[in-house]
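In: model this:
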Amino acid sequence: MIVFRSPHEVPTDFGPSAVAIGKFDGVHAGHHVVLARLREAAAAKGSRAVAVTFDRNPLAIIRPDRCPENVVTVERKLELLGERGLDATLLLTFDEELAARSAESFVIDILVNALQVSTVLVGQDFRFGYKGAGTPQLLRELGPQYGFDVEVVDDVYLPGSERRVSSSWIRELLVEGDVAAAAKVLGRYPDVRGVVVHGLKRGRELGFPTANLSTIVDAFVPADGVYAGWLVDHDTGIRHPSAISVGTNPTFDDVLVRQVEAHVLGETGLDLYGHDVSVEFVERLRGMVAFEGIDKLMQQMAADVTDAALALGVTS
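Out: As a prediction, the model looks like this:
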């Protein structure tokens, strides 16, 4: 997938394009439906399939007091979009200038002139342009003049659910630690990615060595607790079944920031320092609690390893 970071980077002979516009935060199951429909629309017209998105949530500029934390970083979003079979993504810098651009200017300069749009796909509540003046209805009015069709994509619901799939729902589930439900809404396991760094080595001293991720990770971290999941080593391509801890280690009360650390099941001598890894969360095993003494902590850690193996269907 080609990534354009400005309309000026799009070659003059790139189009025509079928375009889906949105924040695409998390590139969740609802987005998957939209992007699949985008590929169909593009194929029907012999156009390229292009996602148009933003380098931040527009609320970060328009209403920073109401702007939620992103489910994933921009670079992770681009990676996930690249997995959906698109030809390109146009990543727009959402700044004061773009916020002040009129809706019609957005259509003419970006969709028509840069992308030579043939079809536009948007959600029912999509708004664009200065003060959100741009609506699906405005797109329909401009379409005949500039030669593009408009398709408004219905909200997506999981089977048996009356709540539409959304990034807000995913955040709520991750705050609760319900990673199993979040996986259904995302269409994949929730994960975070970072580099393995040296920690206090307390897990190793207790017989349960862990790979500690750097404090800078690329996604919304679930609630404190212990989880079953997978550590994916991007340097080797190996997926390791793991018991994962998120939190500040309240038993010792000497960790100042939340940490994500993974104990690889059945491995004691694995050296992952400096490796680029992802941690995928499959199931929450328990909340984070402080234990009265090392012995009780070690007993619980042994139980966590057993529970993680059962949840993942592997041997510990």
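In: Confirm that Cys150 sits in a strand.
Out: Small correction: residue 150 is Val, not Cys. Yes. Val150 forms part of a strand when assessed by DSSP: H, G, I helix; E, B strand; the rest coil.
In: Can you give me every residue that contacts it?
Out: Residues near Val150 by Cβ atoms under 8 Å, 6 or more residues apart in numbering: 119-122, 136, 139-140, 143. Where you see a C-beta, it was placed from the backbone N, CA and C, and this is true even at glycine.
In: Could you rerun that using 10 Å?
Out: Applying Cβ atoms under 10 Å, 6 or more residues apart in numbering to Val150 gives the contacts 117, 119-122, 136-144.
In: in the stretch 201-316 of the chain, which spans are helices?
Out: Along the stretch 201-316 of the chain, the stretches classed as helices by DSSP state H, counting those that start in this stretch are 202-205, 294-312.
In: need the least confident one among those, by mean pLDDT.
Out: For the helices of the stretch 201-316 of the chain, mean pLDDT drops lowest on helix 202-205, to a mean of 51.
In: Looking at the contacts of Val150, which is nearest Cys67?
Out: Val122 (21.0 Å; Cβ to Cβ).
In: same for the one helix or strand the closest one maps to, what does it pack against?
Out: If you go by DSSP states H and E, Val122 is part of strand 117-123. With contacts taken as 3 or more Cβ pairs under 10 Å, 6 or more residues apart in numbering; DSSP states H and E, strand 117-123 sits against strand 17-21, helix 29-45, strand 48-54, helix 136-146, strand 149-153.
In: Out of these, the one nearest Val246 is which?
Out: helix 29-45 (23.4 Å).
In: Could you chop the chain up by domain?
Out: 2-153, 190-312 (automatic domain parsing).
In: would you turn those domains into JSON lines with distance to Arg164?
Out: Shown next, in JSON lines, are those (distance: least, Cβ to Cβ, whole Å):
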{"stretch": "domain 2-153", "distance to Arg164": "7"}
{"stretch": "domain 190-312", "distance to Arg164": "19"}
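In: Least confident of those domains, on average?
Out: Looking at these, the bottom one is domain 190-312 with a mean of 84.
In: From the chain's centroid, how far away is that domain?
Out: In terms of Cα atoms, centre = their mean, to the nearest Å, the centre of domain 190-312 is found 20 Å from the chain centre.
In: Stretch 121-141 now?
Out: 24 Å.
In: Could I get the buried residue list for that stretch?
Out: 121-123, 126, 128-129, 134-136, 138-139 (16 or more other Cβ atoms under 10 Å).
In: which two of those lie the greatest distance from each other?
Out: Leu121 and Gly129 (17.3 Å).
In: Now do the strands in the stretch 51-200 of the chain.
Out: 88-92, 117-123, 149-153, 191-197 (DSSP state E, counting those that start in this stretch).
In: hey, which of those is tucked in deepest?
Out: With neighbours taken as mean count of other Cβ atoms under 10 Å, the strands of the stretch 51-200 of the chain reach their highest mean count in strand 117-123, at a mean of 24.
In: All set, thanks.
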